[in-house]
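Q: Need a 3D model of the sequence below.
(one chain, ligands or ions: 1)
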Amino acid sequence: MNKSNTTQAKIDLYSFEENFPNRELLKGEGVLTKGQMRYFNPRSEHILDRYQGLEGWYRRRLQAGVMSHFLKVVGDPDVEATVRDLAGREFTGINLSTVDYMGLSNHPKLKKAAINALTDKRLHSINTGPLLGNSPESGALQKEIAEYLGHEYGILFPTGWAASFSGVAGVARKDDYVLIDEYAHQSLKQGAYASCDNVIKFKHLSNTEVNLKLKEIRSKNPTAGVLVVTEGLYSMDGDAPDIKELLSICKSQKAALLVDICHDFGCTGKEGKGTLGEQDALGDPDLIVVGAFSKTLSTNGGYLTTSNLGVIFSTCSFAGPYTYSTSLSPTQIAIAREGLKLVAGKEGNERRNKLMSNIQIARDRAKHHGVEVYGTPSPIVSLHVGSENIARLACAKAFRMGVVTTILEYPVVARGKARFRMSMSPEHEHETLIKAVDIIADSIAWAKKYNATLGDTKIERSDSHISKDLPSIIGQ
Ligand SMILES: Cc1ncc(COP(=O)(O)O)c(C=O)c1O
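A: Predicted coordinates for the structure are as follows:
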């Protein structure tokens, strides 16, 4: 068989007929009972053999119709969208999977800014930041973001992930300490593990634990550099830290605080200034802020702001993504600048008001059905399901009943706390959201009943064959 025939045969393996719910397929090995780490085999001698079990597991889940990840959007990801799974099945429904928190991804002003940039400029930024990848426009965007967030300096990155990674990796060195919230985003955790030997997790949102751990560090090592890392709004649980108190704890122990505002930037709080704005912490000299354009400004890209020029230089020098990755394109910069103007102005306020009323409608409707809602009102409305197996069934059912949404399960969230994560946008109408939540509540109720007829499908808990640290590294 030549190479193209082999590829064709492999793709065909993923084509299955719609067959949901099918008891035999749902009871297939690991379909409802296992997570991905069960298919990682660290004992295999050849590194490339260690993940062999994963393909079969994906295929069995796909065949049974309960693989709700890796779908493609067919056409426009509007408030209603059509998605296609790897087997080619298509589902059309209310779209709650798009992190377009301010609904700007189809805004005529942002589109016009993009078209003008495409017409007037090159497609590409030509090089990395230190090597002519910047322009007066990227300089202006850096300044505008910094001013919006009350800092003196800003620096841009190709993605939000790169900004978050670099905020930690650009500041902490080998012998320093990074104290990081256990639920902090992957990008922040990987930045921490990449930069220093002393990564210490603290209990989610626990300022008391930060205080204790800082004191311990200081008693052992009075001159250590310490960076505390948290988020302005946690996207899995929809909750936020008491940043004002955290900052004052940091100051008392000569530590700096890094806050990732990817999920609250531009869309919550007065003028869209998120948790930092609400808690009057913007512009603090001991604060480093990182964030993304991707949730609110409808383009890729990330930023870091600070009032310490040394941090800008250390990030350029030590964090790989600024120096070794090609800078944002002129089009991305033009979209972000137009988006920021809009978010900071009158239309931004109107959109935030509509967004907040949508959030409230969705939360209230879930409570009406007796479904627990995580966190405080924010663009992420997470609905508790519980067991991972029930969440997989419920999500498959919701897709078939007309809702396109996401479930989160271990190791992305804690075990037994699987949930639907609905992303809100001001573009949704109230009636649409009510209908979507009704469908999700019905799907959860159906999944619980159906699961009871399947016998024991509870997710297996043993991860003893893998390194203890691995799930927590991949988690969140
Ligand atoms: C807290 C946090 N930081 C960084 C990122 C990465 O942002 P981007 O997708 O724009 O690269 C995300 C993505 O969701 C995130 O949740």
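
Q: Which residues of the stretch 301-450 of the chain lie near the ligand?
A: Within the stretch 301-450 of the chain, the positions adjacent to the ligand are residue 302 by CB under 6 Å from any ligand atom. Just so you know, the C-beta spots here come from the backbone N, C-alpha and C atoms, and that holds for glycine as well.

Q: OK, now which residue of the stretch 301-450 of the chain is nearest to the ligand?
A: Going by CB to the nearest ligand atom, the ligand is nearest to residue 302 of the stretch 301-450 of the chain, at 5.9 Å.

Q: Under the pLDDT cut-off, which ranges of the chain? List them.
A: Scanning the chain for pLDDT under 70 picks out 1-13, 456-476.

Q: Can you tell me how far the residue of the stretch 301-450 of the chain closest to the ligand is from residue 316?
A: 14 Å (CB to CB, to the nearest Å).

Q: Can you pick out the residue with more neighbours from the two?
A: residue 302 (28 against 15; other CB atoms under 10 Å).

Q: ok, now which ones touch the more buried one?
A: Shown in contact with residue 302 (CB atoms under 8 Å, 6 or more residues apart in numbering): 156-164, 290-294.

Q: And residue 69, by the same measure?
A: residue 406.

Q: For the nearest residue in space to residue 340 that is not next to it in sequence, the count of nearby residues, please.
A: Leaving aside its sequence neighbours, residue 340 sits nearest to residue 144 (CB to CB, 6 or more residues apart in numbering; 5.8 Å). Each residue near residue 144 was counted by other CB under 10 Å, and the total is 17.

Q: Could you look up the SS state of residue 144?
A: Using DSSP: H, G, I helix; E, B strand; the rest coil, the structure places residue 144 in helix.

Q: Now do the same contact list for it.
A: Contact analysis of residue 144 by CB under 8 Å, 6+ apart lists 154, 337, 340.

Q: I would like the residues contacting the helix or strand where residue 365 lies, please.
A: Element membership of residue 365 [criterion: DSSP states H and E] is helix 346-368. Under the criterion CB under 8 Å, 6+ apart, residues 101-104, 266-268, 271-272, 342-343, 372-373, 377-379, 381, 383, 422, 424-426, 428, 430, 433-434, 436-438, 440-441 lie in contact with helix 346-368.

Q: sec struct for residue 264, please.
A: Under three-state DSSP, residue 264 falls in the coil class.

Q: Quick check: phi and psi on it?
A: phi -110, psi -10 (degrees, to the nearest 10).

Q: buried residues in stretch 57-65?
A: For stretch 57-65, burial by neighbour count (16 or more other CB atoms under 10 Å) applies to 57-65.

Q: What number of residues are in the vicinity of residue 19?
A: Neighbours of residue 19 under the rule other CB under 10 Å: 14.

Q: One more: residue 141?
A: When neighbours are defined as other CB under 10 Å, residue 141 has 24 of them.

Q: And residue 385, by the same measure?
A: Neighbour count of residue 385, defined by other CB under 10 Å: 28.

Q: Looks to me like it is in a strand.
A: Yes. When three-state DSSP is applied, residue 385 is found to be in a strand.

Q: My read is that it contacts residue 419, right?
A: Yes. Look at residue 385 against residue 419 with CB atoms under 8 Å: they come within range, at 5.6 Å.

Q: which residues are common contacts for these two?
A: Listed as contacting both residue 385 and residue 419 by CB under 8 Å, 6+ apart are 391, 407.

Q: Now the phi/psi pair for residue 230, please.
A: Residue 230 has phi and psi values of phi -150, psi -180 when expressed as degrees, to the nearest 10.

Q: domain ranges for the chain?
A: 11-97+349-474, 108-344 (automatic domain parsing).

Q: so which of the ones you listed is the most packed in?
A: domain 108-344 (a mean of 21; mean count of other CB atoms under 10 Å).

Q: still on that earlier bit, the residue of the stretch 301-450 of the chain closest to the ligand pairs with what?
A: residue 157, residue 292 (DSSP bridges).

Q: Over in the stretch 51-200 of the chain, which residue gets nearest the ligand? Let me know.
A: Ranked by CB to the nearest ligand atom, the top residue of the stretch 51-200 of the chain for proximity to the ligand is residue 160, at 2.5 Å.

Q: Next, the contact list for the residue lying closest to residue 197 once chain neighbours are set aside, please.
A: Nearest non-adjacent residue to residue 197, counting by CB to CB, 6+ apart: residue 174, 5.8 Å away. With contacts defined as CB under 8 Å, 6+ apart, residue 174 is in contact with 195-197.

Q: Which ones among these map onto helices?
A: residue 195 (DSSP state H).

Q: what ranges do the helices span in the stretch 51-200 of the chain?
A: Secondary structure of the stretch 51-200 of the chain (DSSP state H, counting those that start in this stretch): helices at 52-64, 108-120, 136-148, 160-169, 186-195.

Q: Same list, the ones you listed, but as a markdown table with distance to residue 40 please.
A: Shown next, in a markdown table, are those (distance: least, CB to CB, whole Å):
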| stretch | distance to residue 40 |
| --- | --- |
| helix 52-64 | 8 |
| helix 108-120 | 41 |
| helix 136-148 | 39 |
| helix 160-169 | 22 |
| helix 186-195 | 17 |
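
Q: Which of those helices sits closest to residue 397?
A: helix 52-64 (12.6 Å; CB to CB).

Q: Which other helices and strands does that closest one contact?
A: Under the contact criterion of 3 or more CB pairs under 8 Å, 6 or more residues apart in numbering; DSSP states H and E, helix 52-64 touches helix 23-26.

Q: chain center to the helix it packs on, what's the gap?
A: 32 Å (CA atoms, centre = their mean, to the nearest Å).

Q: For that helix, C-alpha coordinates in PDB please.
A: Only the C-alpha atoms of helix 23-26 are listed here, as PDB (Å, rounded to 0.1, in the frame of the first residue of the first chain):
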ATOM      1  CA  ARG A  23     -25.700  -0.300  25.100                       C
ATOM      2  CA  GLU A  24     -23.000  -2.600  23.800                       C
ATOM      3  CA  LEU A  25     -20.900   0.200  22.400                       C
ATOM      4  CA  LEU A  26     -21.300   2.300  25.500                       C
END
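
Q: Give me the residues contacting it.
A: Around helix 23-26, the neighbours that count as contacts under CB under 8 Å, 6+ apart are 19, 31-32, 60, 63-66, 393, 453-454, 457.

Q: now do 7 Å
A: Residues from elsewhere that reach helix 23-26 (CB atoms under 7 Å, 6 or more residues apart in numbering): 19, 31-32, 63-64, 66, 454.

Q: Next up, the contacts around the nearest residue to residue 83 once chain neighbours are set aside.
A: Excluding its sequence neighbours, the residue lying closest to residue 83 (CB to CB, 6+ apart) is residue 71, at 4.3 Å. Neighbouring residues of residue 71 by CB under 7 Å, 6+ apart: 83-85.

Q: mind running it again at 8 Å?
A: Applying CB under 8 Å, 6+ apart, the residues near residue 71 are 83-86, 91.

Q: who does residue 179 bridge with?
A: residue 200, residue 228.

Q: right, and it touches residue 253 too?
A: No. Using CB under 8 Å, residue 179 makes no contact with residue 253, being 9.9 Å away.

Q: Now for those two: what residues contact both?
A: In contact with both residue 179 and residue 253: 214, 217, 226, using CB under 8 Å, 6+ apart.
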